[in-house]
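Undergrad: take this sequence and fold it.
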Amino acid sequence: MIHLLVAALVVIGTTFILLASVGLVRMPDVYMRMQVSTKGASLGAGCVLLAVPVFFGDMGVAVRALLIIVFIFLTTPISAHMLARAAYMVGVPLWEGSVVDELAGRYDRERGELASPDEEEGPPGTA
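TA: I've put the predicted structure just below:
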């Protein structure tokens, strides 16, 4: 029974990782690629790492695996946010099918921060 649970977790995890890699190839811009790869790879790695303590049944292995999962779930979104922010700062364009750019006209590229409300040029998404 344990082997079936381990196999199910590994198959689910590798499926998420496979879907993340397909999304990385299929998505039209860097922001969507980053979103797909971080979510899919995090869930996939989490499922595969959950299979490890189930298979070994040792408390030390379980604690290490859970700490690794927590570390991945904490660092992956932060690093994706920082990469997306850096891409936006250097002017990587959005996909032409994007509906709204909420930072357009509100982001000061020289200072690397949002413009203060009195410096805004117009409503978000209108630049």
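
Undergrad: so how far is Leu94 from the most centrally placed residue in the chain?
TA: In the chain, the C-alpha nearest the mean C-alpha coordinate belongs to Thr38, at 2.7 Å (CA atoms, centre = their mean). From Thr38 across to Leu94, the span is 18 Å (CB to CB, to the nearest Å). For every residue, glycine as well, the C-beta is placed using N, CA and C.

Undergrad: Cys47 now?
TA: Using CB to CB, we find Cys47 at a distance of 31 Å from Leu94.

Undergrad: tell me the pLDDT at Asp118?
TA: If you check Asp118, the pLDDT there is 60.

Undergrad: quick one, strands of this structure?
TA: 107-108, 113-114 (DSSP state E).

Undergrad: closest to Met34 out of those strands?
TA: strand 107-108 (17.7 Å; CB to CB).

Undergrad: show me the shaky parts of the chain.
TA: Under the criterion pLDDT under 70, the flagged ranges of the chain are 112, 116-127.

Undergrad: could you redo the last one with a cut-off of 80?
TA: 101-127 (pLDDT under 80).

Undergrad: what's in contact with stretch 7-19?
TA: Outside of stretch 7-19, the residues within contact range by CB atoms under 8 Å, 6 or more residues apart in numbering are Gly40, Ala41, Leu43, Gly44, Ala45, Gly46, Cys47, Val48, Leu49, Leu50, Ala51, Val54.
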